[in-house]
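Novice: My questions are about this predicted structure, shown below with the sequence.
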Number of protein chains: 2
Amino acid sequence: MTDNAKQAGPSAGDPIVLIVDDDPSMRRALTNLFQSVGLKVEAFSSAAEIMEAKPPAVPSCLVLDIRLPGSSGLDLQADLAKANIHTPIIFITGHGDIPMTVRAMKSGAVDFLTKPVRDQDMLDAVQAAIERDRKRRDAEKSISGVRSRFEALTARERDVLALVASGLMNKQVAAELGLAEITVKIYRGQIMRKMGAKSLADLVRMTDALGIPRNRGHLQT
Amino acid sequence: MTDNAKQAGPSAGDPIVLIVDDDPSMRRALTNLFQSVGLKVEAFSSAAEIMEAKPPAVPSCLVLDIRLPGSSGLDLQADLAKANIHTPIIFITGHGDIPMTVRAMKSGAVDFLTKPVRDQDMLDAVQAAIERDRKRRDAEKSISGVRSRFEALTARERDVLALVASGLMNKQVAAELGLAEITVKIYRGQIMRKMGAKSLADLVRMTDALGIPRNRGHLQT
DNA sequence: CTACGGCACAAACCTACGTATAGCTCGCAC
DNA sequence: GTGCGAGCTATACGTAGGTTTGTGCCGTAG
């Protein structure tokens, strides 16, 4: 442990709260609230503004007024989803209705708070949202290495991988692909090395995490 | 195909909609609506009433007025969750508010409709809910067989299974458990037979589906 | 043209896996 | 006590998995 920066100020790995609200006093109030519990904050006044900013690289969440100049909060939510940005969203609203709430929640919002928002409710929601994002990022990171190694495989190696991970024996893989068994063995060894799998069990779990389809070997009832 | 009952009336495998509403006219209207599209229906007038009925064995969903005599719809939702009944729930409400909606959706409700409910909205929601329940049941069924076979393993077989599925070689499993390698081999064979696994890949997927913890062999970044 | 990488195969060799047959102890139910 | 199943091991044998070394073809980038 050479690292003793434990109670230090904001640094690179800290979570951040992104606020989007067109009301300056609201932005200020929320900013103060989050900073009072040691959270980093970045505030925007419109949907367009935040779409131009680069997605945060740390656990984060969005606090979003549902009524925004130009596009609504729901539109922004949809745009972010389309852009493959999955930062958890907390909506706040002064005059929202139930269909709007349902739509937001169905689209994955973590919470939907009504004005006036109680500070503690907001902090709880942000806490839960950031925790969710942290988990999502952890999961994402743990397969990104696997994915990049998979991309480095040649076409033939991928063919072999799919069948091996399906549970076929080398000779069966060979028959399926019209190869000699020895060739499959050699590819198989290369796959294990390139993927960094220390066992077949590893390899199977990697392929499942990558969503590679199986040709055989289903779980039967 | 000895089965030609294709366009016949309601039978055992058909989905069913469960209605809970204290208003008889509402029950009647919903019942008619669902029956008009060929869905089976069962109506209840209170939460207590449906809790006494046995959970349906076919894909189903609940249509629930949020305001019920005695306990509210949200309480019923919580009670069902506690009883490990995961039938999807669609709420209807005449005078719900947003916090109530959020709570219901966070607890897993599929939809939350406001009166007056448009027929098409209700049918769409029920359709989606039943589809979700069907998928959940399919997934449940596909692992229930695996689980019961796992229960049939002896204690030692389970020990071996955990380590084998972690990717350890027979000799390593043996060392870990203080056994001879040959013993592990024999257990391993018995495990494959008892679990109905045709390959190690099968076995690995079964253990993952069962949530059996791994002792070694993590995916590295 | 040459070098390189992907693809494919072979012989030889070693390790790991898996089964059959057989035998042992222990605890428990009848 | 007898029988039974779980647990454990051994010898022996056959199959599957995996590496090394070496060969050759093909297409393409330099």
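Specialist: Yes, it's here. These numbers come from a predicted model, not from an experiment.
Novice: need the next SSE after the helix or strand encompassing residue A:131, C-terminal direction.
Specialist: Following DSSP states H and E, one finds residue A:131 within helix A:119-151. Downstream of helix A:119-151, the next assigned helix or strand under DSSP H and E is helix A:155-165.
Novice: in chain A, which helix or strand is least confident?
Specialist: Among the helical and strand segments of chain A, the one scoring lowest on mean pLDDT, DSSP states H and E is helix A:47-52, with a mean of 90.
Novice: buried ones in that one?
Specialist: Residues of helix A:47-52 classed as buried by neighbour count (16 or more other CB atoms under 10 Å in any protein chain shown): A:47, A:50, A:51. In this view, the C-beta of every residue, glycine as well, is placed from N, C-alpha and C.
Novice: Counting by contacts, list what the helix holding residue A:131 packs against.
Specialist: Counting contacts by 3 or more CB pairs under 8 Å, 6 or more residues apart in numbering or on different chains; DSSP states H and E, helix A:119-151 packs against helix A:24-36, strand A:60-65, strand A:89-93, strand A:111-114, helix A:181-195, helix A:200-210.
Novice: Using CSV, list the CA coordinates for the second one.
Specialist: To tie it back to what came earlier, the one meant is strand A:60-65. The C-alpha coordinates for strand A:60-65 follow below in CSV (Å, rounded to 0.1, in the frame of the first residue of the first chain):
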residue,chain,number,x,y,z
SER,A,60,-21.6,9.0,-12.3
CYS,A,61,-25.3,9.8,-12.6
LEU,A,62,-27.5,12.4,-14.2
VAL,A,63,-30.0,14.6,-12.3
LEU,A,64,-32.4,15.8,-14.9
ASP,A,65,-35.3,18.2,-14.9
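Novice: How is chain A divided into domains?
Specialist: Using automatic domain parsing, the domain parsing of chain A gives A:16-143, A:152-210.
Novice: Among these, which comes closest to residue B:146?
Specialist: domain A:152-210 (15.0 Å; CB to CB).
Novice: does DNA strand C sit close to the closest one?
Specialist: Yes - for domain A:152-210, a contact with DNA strand C is found by CB under 7 Å from any atom of the strand, at A:154, A:155, A:156, A:157, A:174, A:177, A:178, A:179, A:180, A:182, A:183, A:186.
Novice: What residues does chain A have near DNA strand D?
Specialist: By CB under 7 Å from any atom of the strand, the residues of chain A that approach DNA strand D are A:169, A:170, A:171, A:182, A:185, A:186, A:188, A:189, A:192, A:193, A:200.
Novice: Show the overlap between those and what lies near chain B.
Specialist: A:169, A:200 (CB under 8 Å from any CB of the partner chain).
Novice: State the pLDDT value of the residue of chain A most remote from its centre.
Specialist: Distance from the C-alpha centroid of chain A peaks at residue A:180, with 41.5 Å (CA atoms, centre = their mean). The model reports residue A:180 with a pLDDT of 95.
Novice: And residue A:2, by the same measure?
Specialist: For residue A:2, the predicted pLDDT is 42.
Novice: Equivalent analysis for residue A:216, please.
Specialist: On the pLDDT scale, residue A:216 gets 49.
Novice: Skipping its backbone neighbours, what lies nearest residue A:40 in space?
Specialist: residue A:16 (4.2 Å; CB to CB, 6 or more residues apart in numbering or on different chains).
Novice: Which residue, neighbours along the chain excluded, lies closest to the most centrally placed residue in chain A?
Specialist: The centre of chain A sits closest to residue A:136, judged by CA atoms, centre = their mean, with a distance of 4.3 Å. Leaving aside its sequence neighbours, residue A:136 sits nearest to residue A:86 (CB to CB, 6+ apart; 6.3 Å).
Novice: Check residue A:209 too.
Specialist: residue A:143 (4.9 Å).
Novice: Give the burial count for that neighbour, as a bare number.
Specialist: Residue A:143 has 16 neighbours, counted by other CB atoms under 10 Å in any protein chain shown.
Novice: Could you do residue A:141 as well?
Specialist: Neighbours of residue A:141 (other CB under 10 Å): 10.
Novice: what's the distance between the closest residue to DNA strand D within chain A and residue A:124?
Specialist: Nearest residue of chain A to DNA strand D: residue A:189, at 2.1 Å (CB to the nearest atom of the strand). Residue A:189 sits 52 Å away from residue A:124, going by CB to CB, to the nearest Å.
Novice: More neighbours: these two, which one.
Specialist: Between residue A:189 and residue A:124, counted using other CB under 10 Å, the more crowded position is residue A:124 (13 against 10).
Novice: Relative to residue A:37, how far out is that one?
Specialist: 11 Å.
Novice: so which strand or helix has residue A:18?
Specialist: strand A:16-20.
Novice: Please export the C-alpha coordinates of that strand as CSV.
Specialist: Extracted in CSV, the C-alpha atoms of strand A:16-20 (Å, rounded to 0.1, in the frame of the first residue of the first chain):
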residue,chain,number,x,y,z
ILE,A,16,-19.4,12.7,-10.3
VAL,A,17,-23.0,14.0,-10.5
LEU,A,18,-24.1,15.6,-13.7
ILE,A,19,-26.9,18.1,-13.3
VAL,A,20,-29.1,19.3,-16.2
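Novice: near DNA strand C, which residues of chain A?
Specialist: So chain A meets DNA strand C at A:154, A:155, A:156, A:157, A:174, A:177, A:178, A:179, A:180, A:182, A:183, A:186 (CB under 7 Å from any atom of the strand).
Novice: just to revisit the earlier point, okay, the angle between the helix holding residue A:131 and helix A:24-36?
Specialist: Between helix A:119-151 and helix A:24-36, the angle comes out at 70 degrees (axes from the mean of the first three to the mean of the last three CA atoms, to 10 degrees).
Novice: Which pLDDT does the model give the residue in chain A positioned nearest to DNA strand C?
Specialist: Closest residue of chain A to DNA strand C, CB to the nearest atom of the strand: residue A:154 (2.7 Å). According to the prediction, residue A:154 has pLDDT 94.
Novice: Extract the residue ranges of chain A that are flagged as low pLDDT.
Specialist: Flagging of chain A using pLDDT under 70 yields the residue ranges A:1-12, A:216-221.
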